[in-house]
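A.B. asks: Got a predicted model here, sequence first, then my questions.
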Amino acid sequence: MLKRLQIVGGHAAIPLFAVLLGLVVGSFFVFLAGANPIQVYDQLFCEGFGSRGCETFDDLLIVEAENDDGELETHFAPFYGERGHGMAIVLEKATPLILTALAATIAFKAGMFSIGMDGQLVLGALMAGFLGYWIPDQIYAATGVADFEAASSVMRTVMHIVVPTLAISAAMIVGAIYSWFAGFLKVKLNVNVLISTIILNAIAVQFVGYMINFPLRADFNNIARTRAIDDSAWLVPFTRGLFSEIEWFRGSRTGVGIIIALIAAFVIWFYLWRSTSGYEQRMTSGSSLFARFSGIATEKAALRAMLISGALSGLAGAIMILGVERRIVDGFASSGTGFDGVLVAILARESIAGIVLVAMFFAGLQQGAINLQFGDLPRQLGGIIIALIILFSAMENFFRETMSRIRHRIAPDAMTQTSDDAVPVESG
Amino acid sequence: MEETLAVEMRHVRKYFASSNVLAANDVDFEVRQGEVHALVGENGAGKTTLMNMLYGLVHPDHAEIYVYGEPVRISHPDHAIRLGIGMVHQHFKLVPSFTVAENIMLGIEPNQFGFINGKSEAEIVRELAQNFGLPVDPNARVSELSVGMQQRVEILKTLQRDARILILDEPTAVLTPQEVHELYNVIRRLADDGRAVILITHKLLEVKEVADRVSVMRRGKMIGTHDVADVTIRDMANMMVGREVILQVEKQPATPGDVVLKVENLLVAGMGGVPAVFGVSFDVRAGEIFGIAGVSGNGQTELIEAIAGLRPVDGGRIMLLDHDITDVNVRTRRTEGMAHIPEDRMTMGLNLQTNLDENVIVTSYQKPPFSSYGILNFQPMRELAARLAKKYQIASARVGEEIKTLSGGNLQKVVLARELEGEPKFIIANQPTRGVDVGSIEFVHKTLVEERDGGAAILLVSVELEEIMSLSDRIAVIFEGRIMAVLDAADATEEDLGILMAGGTLDKKE
Ligand SMILES: Nc1ncnc2c1ncn2[C@@H]1O[C@H](COP(=O)(O)OP(=O)(O)O)[C@@H](O)[C@H]1O
Ligand SMILES: [Mg+2]
């Protein structure tokens, strides 16, 4: 038991060490920016993880809130009482990260180094954003009901279930097909997945930018944007729904999306580690020669993984639009949420629970980075620190070797055991 | 009179943190001038590491090293070469696109000879080759040479650098029997010249034949050094594995039954579409071991992959128990009774990234009791793994851990256990004991013979002639993608096989 704890501790020690090193080396850049690292880190973390945001920024607080039309408004005001816990905003931002990190992990665990999450996500978002008003339009036209307000409560309930379900499903299908295409290129034509997904991302981003600016442009707003989704398509945030009385959620648009993401995390965990299909794809990634040799249909396993991966990215896009943004604004397509998901996946190393934790940590840092600029500091500092942490945790092997060397110095006899001395398996 | 030792190594210690192996544990080792000193031990015993430390490639944690009585600290191969030490590695380090002469002269200061051009280099090399009785064509490109010739070039390269102490790391692993004998003669001559030759090997017969003294290593420890005349092969084997081993494969004559595998005019392409197997035909019967002998790289890999369903067939037919399986996928072949012990257990035979349970069910996970409705059932997996571990004496790492920490022999037992579970009718055994320790070799051989006696048809491929000869009932020799002959194992001699393996034909002498 103690051994097991030590093993778990060993796994956690290296990422924690990487975070610490990232912060220490990041201090150098903080100094460059002419600030005090302690203060910067305090600001960076208090916003994302503090109980009430940063007290130091009481009077400069930024809160995005919706007015009665559901439009977003930005308040710079000391309305502390209206603000919930920093973690609530972290949940909102972590949701797409969890989903895209799952998408990356499932592809990696089939031996496909796909980083196509961005392209799949924006196509999914576009699909959901479009269907979010188009489907209700059709329903209203067919039933003669003017709008959501005018509908009966039964109709509202039905629409609240049907419309988001259809929009999300379509987004997932679009993402899945787009991802499958990269898989197909790999399996049939041996095109490098990394390269094909980079190119597919660029195409998707440009395409979505075009759609927002031209065919789907809603108005003459300075920044091009699509029509807002219908209320029936809205994944209502907790603050407006069930938990409207709970102060903790104030200021956050998190809602059913985070629940979907957590369920997805569980489903993916189960798929990977408990199902025969997941087993097939894991064996394929461990050694595709081995999988082929054993009779596993490796191409099928890889394509299935790509489909699931794309569906998850599409789901992330749909939730961002239906739950948070409520319309697609120009610039959304190049926000890079998909790639952040890849980084989360790499940091979490195949661990699904790790993905959830790392996504939260990542979201908190991003939130904190926004916060920095109110203290007259470049928000890029946040990005640099995140990048440093990733860099250091990628040096895992180096740390592992160093650590074992240190341990060896301390207790040389403990290390003389070779594999052949290991105890045989006991039956039962 | 006290004789000077060519090499003396004392209290050598080397720990590899990355693999958590103590490769040298207080090792003492000495070599006299003018002797052939064999260094034997199972795979992973630490032989290569010890010699790499002498050659400056690996740095010991602690060591006292004397070369001709002088204490030295060898930091780099250049330094070792200056001390008169030469090493021919397990994997050759020649530049394939260079000529023999260019390879041999590589890195030697040109002004030492006044000028350097192809001509004079070639002359130097020709002279060198003549002096040592190792004829080579100095202008031949290395990529065109046979493995045996390449080795000769490696040896000449060390001699050109005036090596007085010559280390040969498993030099015979890649050679035909004839080439092996030539090499023995060379080694003997070099030693008689007063050089010290250190011969790393795990073939004990070889030790008996050429070495004067032998040092045995086991798991990073030096077990002992003896005059070869004083020890038997069995003694050496016991020292290597630390217990009694039976080297001879005990088996009754085969009682072959019906044809299980029939290969007809098989054509298979190798790398880059170049044909590798040219119209090969043979059949394997129930209850017999059909061995394919040959120097590696003569089409064995392609032939086996085609039969196993891993490589497309360009022509001909493969029949398994009267079913045409030429174009059938791997899973179907396996359900029809095929098992496959592959050449490369690290990437093909096993998934080192996962645990024993998941490795033993890879051919049966889709069936109950290991899964139902697409969901894995862990209990039966665990039970199977535990049962096989016990039956095959697999010394496993902790339960549930990745199997990559297991030794070569134990890994091969995992493959064997999985493949033989479910009573296959046809077994492909491709190099089943490569890189496996003596104890496990014996086990693998015994298991294969048991399967044969149980009625399985076994197709054995090996580049170890000894293995082919002691296990097979019939022997086919493959050379450049063609079967040169099929011999009855009882009539096959090492010489005949060697000639066939080198592409020759047997004169019919009555
Ligand atoms: N560079 C290395 N890093 C880590 N482990 C090594 C390294 N070289 C050898 N080893 C380990 O040391 C042991 C001895 O290896 P080696 O000297 O190659 O054995 P041998 O030549 O007797 O087969 C093995 O367990 C091997 O895995
Ligand atoms: Mg070796």
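C.D. replies: Now that the structure is in, tell me what you want to look at. Numbers count the residues shown, from 1 in each chain, chains lettered A, B, ... in the order given. Ligands and ions are numbered 1, 2, ... in the order given.
A.B. asks: ok, B:H445 - contacts?
C.D. replies: Contacts of B:H445 were listed using C-beta atoms under 8 Å, 6 or more residues apart in numbering or on different chains, and they are B:V249, B:T433, B:E467, B:S470, B:L471. Where you see a C-beta, it was placed from the backbone N, CA and C, and this is true even at glycine.
A.B. asks: brain fart, B:R285
C.D. replies: B:R285 neighbours (C-beta under 8 Å, 6+ apart): B:P256, B:G257, B:D258, B:V259, B:V260, B:A457.
A.B. asks: low-confidence ranges in chain B?
C.D. replies: Low-confidence segments of chain B (pLDDT under 70): B:1-3, B:108-119, B:243-248, B:396-400, B:507-510.
A.B. asks: Now do the same contact list for whichever residue of it sits closest to chain A.
C.D. replies: Closest approach between chain B and chain A, counting by C-beta to the nearest C-beta: B:R331, at 3.4 Å. B:R331 makes contact with A:G295, A:I296, A:A297, according to C-beta under 8 Å, 6+ apart.
A.B. asks: May I ask which of the residues you listed has the most neighbours?
C.D. replies: For the contacts of B:R331, the largest number of neighbours (other C-beta atoms under 10 Å in any protein chain shown) sits with A:I296, at 24 neighbours.
A.B. asks: Find me whatever residue is spatially closest to it, sequence neighbours aside.
C.D. replies: By the measure of C-beta to C-beta, 6 or more residues apart in numbering or on different chains, the closest residue to A:I296 outside its immediate chain neighbours is A:E280, 5.0 Å from it.
A.B. asks: And that neighbour, how far from A:F31?
C.D. replies: 51 Å (C-beta to C-beta, to the nearest Å).
A.B. asks: between those two, which one's more packed in?
C.D. replies: Neighbour comparison, A:E280 and A:F31: the larger count goes to A:E280, with 24 against 12 (by other C-beta under 10 Å).
A.B. asks: can you tell me how far the residue nearest to A:S287 when sequence neighbours are not counted sits from A:A291?
C.D. replies: Nearest residue to A:S287, sequence neighbours excluded (C-beta to C-beta, 6+ apart): B:T347, at 5.0 Å. Between B:T347 and A:A291 the distance is 11 Å, computed by C-beta to C-beta.
A.B. asks: okay, those two: which has more neighbours?
C.D. replies: Set side by side, B:T347 and A:A291 show more neighbours around A:A291, with 27 against 15, by other C-beta under 10 Å.
A.B. asks: check which helix or strand covers that one.
C.D. replies: helix A:288-294 (DSSP states H and E).
A.B. asks: can you list the residues that contact that helix?
C.D. replies: A:111, A:280, A:283-284, A:298, A:301, B:308, B:310, B:330, B:334, B:340, B:342, B:344, B:347-351, B:362-363.
A.B. asks: Which part of the stretch 201-350 of chain A gets nearest to ligand 1, residue-wise?
C.D. replies: Here the stretch 201-350 of chain A gets closest to ligand 1 at one residue, A:S287, 19.0 Å apart by C-beta to the nearest ligand atom.
A.B. asks: What pLDDT does the model give that residue?
C.D. replies: Listed pLDDT for A:S287 reads 81.
A.B. asks: so what's the backbone phi/psi at it?
C.D. replies: For A:S287, the backbone dihedrals (degrees, to the nearest 10) come out as phi -160, psi 110.
A.B. asks: go on, B:R213?
C.D. replies: Torsion angles, degrees, to the nearest 10, at B:R213: phi -130, psi 160.
A.B. asks: what's the burial count for residue 125?
C.D. replies: As the question left the chain open, I've gone with chain A. Neighbours around A:A125, by other C-beta under 10 Å: 31.
A.B. asks: meant chain B actually
C.D. replies: By other C-beta under 10 Å, neighbour count at B:V125 equals 25.
A.B. asks: Settle this for me: it is touching B:L134, isn't it.
C.D. replies: No - using C-beta atoms under 8 Å, B:V125 makes no contact with B:L134, being 10.3 Å away.
A.B. asks: hey, what's in contact with both of the two?
C.D. replies: What both B:V125 and B:L134 touch, as defined by C-beta under 8 Å, 6+ apart, is the set B:L156.
A.B. asks: What is the least confident helix or strand in chain A?
C.D. replies: Least confident helix or strand, chain A: strand A:72-76 with a mean of 55, by mean pLDDT, DSSP states H and E.
A.B. asks: Moving along the chain from it, name the first helix or strand you hit.
C.D. replies: helix A:86-108.
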